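Trainee: Please work out how this folds:
(one chain, ligands or ions: 2)
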Amino acid sequence: MSDFGDPCTRQVMGVIVKHFHAAIKEIEPTYAEWHAAIEFLTDVGHMYNDRRQEFILLSDVLDASMLAEVINDRPHSTGRQPPTFNTVLGPFYLPGAPHYPNNSNICLDEKDEPLLVSGYVKDTEGRPIVGATLDIWQTNEDGFYDLQQRGIQSDLVLRGVFVSEADGHYAFRTSKPRHYPIPSDGPVGKLLGRIGRHPHWAAHIHFIVTVLGYELVTTHIFAPDCPYLREDTVLGVRPALIATIDRLSDADMAKCRGLKAPFLHINWDFILQSTTSVGE
Ligand code: BEZ
Ligand code: FE
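Mentor: Residues are numbered from 1 along each chain as shown. Ligands and ions are numbered 1, 2, ... in the order given. Okay, the predicted model is just below:
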């Protein structure tokens, strides 16, 4: 590095070059192997459009995305409850999902077993947060997002935006998500195959929870009975984000939520950290 230029870029590049050279010295690639590596990165870069960003997927399967999340988790405030963990955004988020009143059903084709997800949005002192937006998206019970099955699933099925009420309460009806293979028809999928890794990512529901005055949370909740919880391909399951799913037969509760008993239920609270308490 020279003594000029941007100090931060010079510091970052110094670290990258040091470790990159160490890797090349350890691997001792042939010319052919070196060209294959450059071709791989070129293919990753070419796989880019409004539905696909292969470099993010590469970062995910190399555990770089989750490592960055963990490093950037804000120090906990001195509140009574730790804030909800962040996880990766993933490639299937679509901005502009429909807004629904609480208790609405986002499983528009009503094809799968109903699941009620409900709980509260609170601050780290346990006080309710009103007006928090919960932007939600997930797969159907077959493990596909709407945008992977155009013409089979309705557009914007299993996506919705909800707002927490005066007591912090939110609720929506959906179906149970299933584990699914991350997109494996590109260079990252081929790489996983070559190193003997399966492409499955544990069953989950995605949330972005946001409200003025609090840190935005991008997170998942994971289904407890998924076979890929302990060896998912994104290496992103945090034990604190594994939910419990109950099968409830309370007919009154079912009726007031617009469901038939028995139905599945996840009770889940989101804890947000005030922007003014960061770093306390
Ligand atoms: C997801 O959660 O949708 C996801 C995350 C990382 C890679 C692929 C998918
Ligand atoms: Fe996902």
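
Trainee: who's in contact with the residue in the stretch 1-150 of the chain that ligand 1 sits nearest to?
Mentor: Evaluated by Cβ to the nearest ligand atom, the stretch 1-150 of the chain has residue 90 as its residue closest to ligand 1, separated by 2.6 Å. The way it works is simple: take the backbone N, C-alpha and C, and place the C-beta from them, glycine included. Residue 90 sits next to 60, 206, 234 when contact means Cβ atoms under 8 Å, 6 or more residues apart in numbering.

Trainee: For my notes, confirm the first one occurs in a helix.
Mentor: Yes. Inclusion of residue 60 in a helix is indicated when DSSP: H, G, I helix; E, B strand; the rest coil is applied.

Trainee: residue contacts, it?
Mentor: For residue 60, counting by Cβ under 8 Å, 6+ apart, the contacting residues are 66, 88, 90, 182, 233-234, 236.

Trainee: Check residue 275 too.
Mentor: Residue 275 neighbours (Cβ under 8 Å, 6+ apart): 213-215.

Trainee: for these, which one is nearest ligand 1?
Mentor: Nearest member of these to ligand 1, counting by Cβ to the nearest ligand atom, is residue 215, at 20.2 Å.

Trainee: Can you tell me, leaving aside adjacent residues, what's nearest to the closest one?
Mentor: Once flanking residues are discounted, residue 215 sits nearest to residue 273: 4.8 Å by Cβ to Cβ, 6 or more residues apart in numbering.

Trainee: Check residue 244 too.
Mentor: residue 224 is the one closest to residue 244 (Cβ to Cβ, 6+ apart), at 6.0 Å.

Trainee: Confirm for me that the one you found is in contact with residue 246.
Mentor: No. When contacts are counted by Cβ atoms under 8 Å, residue 224 is not listed as touching residue 246 (10.4 Å).

Trainee: Can you report how many residues lie near residue 228?
Mentor: By other Cβ atoms under 10 Å, 18 other residues sit near residue 228.

Trainee: got a pLDDT number for it?
Mentor: In this model, residue 228 is scored at 93, pLDDT.

Trainee: got a list of what it touches?
Mentor: Shown in contact with residue 228 (Cβ under 8 Å, 6+ apart): 179, 200-203.

Trainee: What distance do you get for it to ligand 1?
Mentor: Distance of residue 228 to ligand 1, given as Cβ to the nearest ligand atom, to the nearest Å: 12 Å.

Trainee: coming back round to it: JSON lines please, covering the contacts of residue 60 and showing distance to residue 35, pLDDT and secondary structure.
Mentor: Listed next are these as JSON lines, based on distance: Cβ to Cβ, whole Å; pLDDT from 0 to 100; DSSP: H, G, I helix; E, B strand; the rest coil:
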{"residue": "66", "distance to residue 35": "30", "pLDDT": "89", "secondary structure": "helix"}
{"residue": "88", "distance to residue 35": "31", "pLDDT": "90", "secondary structure": "coil"}
{"residue": "90", "distance to residue 35": "31", "pLDDT": "86", "secondary structure": "coil"}
{"residue": "182", "distance to residue 35": "27", "pLDDT": "88", "secondary structure": "coil"}
{"residue": "233", "distance to residue 35": "27", "pLDDT": "87", "secondary structure": "coil"}
{"residue": "234", "distance to residue 35": "29", "pLDDT": "84", "secondary structure": "coil"}
{"residue": "236", "distance to residue 35": "32", "pLDDT": "86", "secondary structure": "coil"}
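
Trainee: Of those residues, which is the most crowded?
Mentor: Within those, most neighbours by other Cβ under 10 Å means residue 234, with 24 neighbours.
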